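S.K.: Sharing a sequence plus its predicted fold:
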Amino acid sequence: MLTTPKLKTLQELITGASKEELIWLSGYLAGVVAQNTGTPALLSATGAAQETEPPAKPAVNKITIAYGTETGNAKKVATDFAARAKKNGINAKLVGLEQYRLNDLAREEYFFTVISTQGDGEPPLAAKKFYDHIHQSGLRLDKLKYGVLALGDTSYPLFCKAGEDVDKQFQSAGGQRVVPLQKCDTDYETEAVQWFDDVLGRLMSQNAPAAGPSAPAITRKHVGKKIYNGTVLTNTDLNDRGSGKQTYHIEILAEDLKKEWV
């Protein structure tokens with residue numbers, strides 16, 4: 001019950017109020033009550049309180065998002081994916097491939113990988129054990145439904161090869177694609193978001209358990225690159241003496257150059 005001063009204030013407020021004003025006030029108070037008690041409510045155009053519809057439940061409840069990264073971009077992308085999945089009611093386990101328990105892979109149902117390519121088409125050092133594991137003979141992943149987002153740089157001849165290899169090995173071991181392989185250049189943000197939009201759409205749909213088509217890998221031609229003039233500061237051979245590979249660490253000084261890492 002209201003105290004006498006509060007009741008007097010309320011009576012003064014509603015005295016002479018129109019029907020529309022009283023309806024609006026009723027809806028406003030209902031909204032305040034809903035906010036304080038945790039009961040979802042929505043004010044209609046007339047001010048009347050209406051219960052909001054509960055969010056749609058995803059068809060898939062649990063997924064794993066694993067990343068293999070050298071400089072941090074793959075981790076950032078995977079972290080963003082996990083946050084979006086959780087907002088949609090999906091329990092997303094986020095893990096780096098260097099920490100992933102390899103024996104768990106055969107038991108996974110939904111597994112999504114974000115992995116970059118380094119040097120001569122190689123996986124990040126942190127993902128090497130995982131990479132070697134999926135290349136072993138006799139590996140079976142018949143329960144696995146998966147997707148691979150590959151980060152790379154089209155200026156290298158073996159663009160996104162590590163991601164291509166993971167996708168190929170998963171399929172060879174009996175896995176089924178939820179979505180096709182997506183290969184991204186250095187400006188990867190837009191395509192990465194679109195790829196995961198597709199993933200979420202399938203996970204939220206009642207048709208989610210059906211794997212996506214085994215479509216050819218999506219490649220993207222990078223256009224409009226800006227050319228910079230610079231000075232070479234260092235040029236270091238990263239391979240041991242006698243190695244047949246030629247991998248160099250090169251540092252170039254150029255003005256107005258924005259760094260891009262994968």
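M.R.: Great, that's in hand.
S.K.: can you give me phi and psi for residue 15?
M.R.: Backbone torsions for residue 15, taken as degrees, to the nearest 10, come to phi -60, psi 120.
S.K.: so where do the helices sit in the stretch 151-262 of the chain?
M.R.: For the stretch 151-262 of the chain, the helices defined by DSSP state H, counting those that start in this stretch occupy 161-172, 189-204.
S.K.: Most tightly packed of those helices?
M.R.: Of the helices of the stretch 151-262 of the chain, the one with the most neighbours on average (mean count of other CB atoms under 10 Å) is helix 161-172, at a mean of 21. Glycine gets a C-beta too; all of them are placed from N, C-alpha and C.
S.K.: so who does residue 156 touch?
M.R.: By CB atoms under 8 Å, 6 or more residues apart in numbering, the residues touching residue 156 are 117, 121.
S.K.: quick revisit: need the least confident one among the helices of the stretch 151-262 of the chain, by mean pLDDT.
M.R.: Note on these: helix 189-204 shows the lowest mean pLDDT, a mean of 92.
S.K.: Output that one in PDB, but only the C-alpha positions, please.
M.R.: C-alpha atoms of helix 189-204 as PDB (Å, rounded to 0.1, in the frame of the first residue of the first chain):
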ATOM      1  CA  GLU A 189      36.700  -8.900 -41.500                       C
ATOM      2  CA  THR A 190      33.700  -8.700 -43.800                       C
ATOM      3  CA  GLU A 191      34.000 -12.200 -45.300                       C
ATOM      4  CA  ALA A 192      34.700 -13.700 -41.800                       C
ATOM      5  CA  VAL A 193      31.400 -12.200 -40.500                       C
ATOM      6  CA  GLN A 194      29.500 -13.400 -43.500                       C
ATOM      7  CA  TRP A 195      30.900 -16.900 -43.100                       C
ATOM      8  CA  PHE A 196      29.900 -17.100 -39.500                       C
ATOM      9  CA  ASP A 197      26.400 -15.700 -40.300                       C
ATOM     10  CA  ASP A 198      26.000 -18.700 -42.600                       C
ATOM     11  CA  VAL A 199      27.200 -21.000 -39.700                       C
ATOM     12  CA  LEU A 200      24.800 -19.500 -37.200                       C
ATOM     13  CA  GLY A 201      21.900 -19.700 -39.700                       C
ATOM     14  CA  ARG A 202      22.400 -23.400 -40.100                       C
ATOM     15  CA  LEU A 203      22.900 -24.000 -36.400                       C
ATOM     16  CA  MET A 204      19.700 -22.100 -35.500                       C
END
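S.K.: Check which helices and strands it is in contact with.
M.R.: helix 73-87, strand 110-116, strand 145-151, strand 182-184 (3 or more CB pairs under 8 Å, 6 or more residues apart in numbering; DSSP states H and E).
S.K.: Dump those into TSV; add distance to residue 59 as well.
M.R.: Shown next, in TSV, are these (distance: least, CB to CB, whole Å):
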stretch	distance to residue 59
helix 73-87	13
strand 110-116	11
strand 145-151	12
strand 182-184	22
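S.K.: Turn those into CSV, columns for distance to residue 252, mean neighbour count and mean pLDDT.
M.R.: CSV is the format used below for the helices and strands packed on helix 189-204 (distance: least, CB to CB, whole Å; neighbours: other CB atoms under 10 Å; pLDDT from 0 to 100):
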stretch, distance to residue 252, mean neighbour count, mean pLDDT
helix 73-87, 20, 19, 95
strand 110-116, 21, 27, 97
strand 145-151, 21, 27, 96
strand 182-184, 23, 27, 95
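S.K.: Nearest to residue 250, out of the ones you listed?
M.R.: strand 110-116 (18.3 Å; CB to CB).
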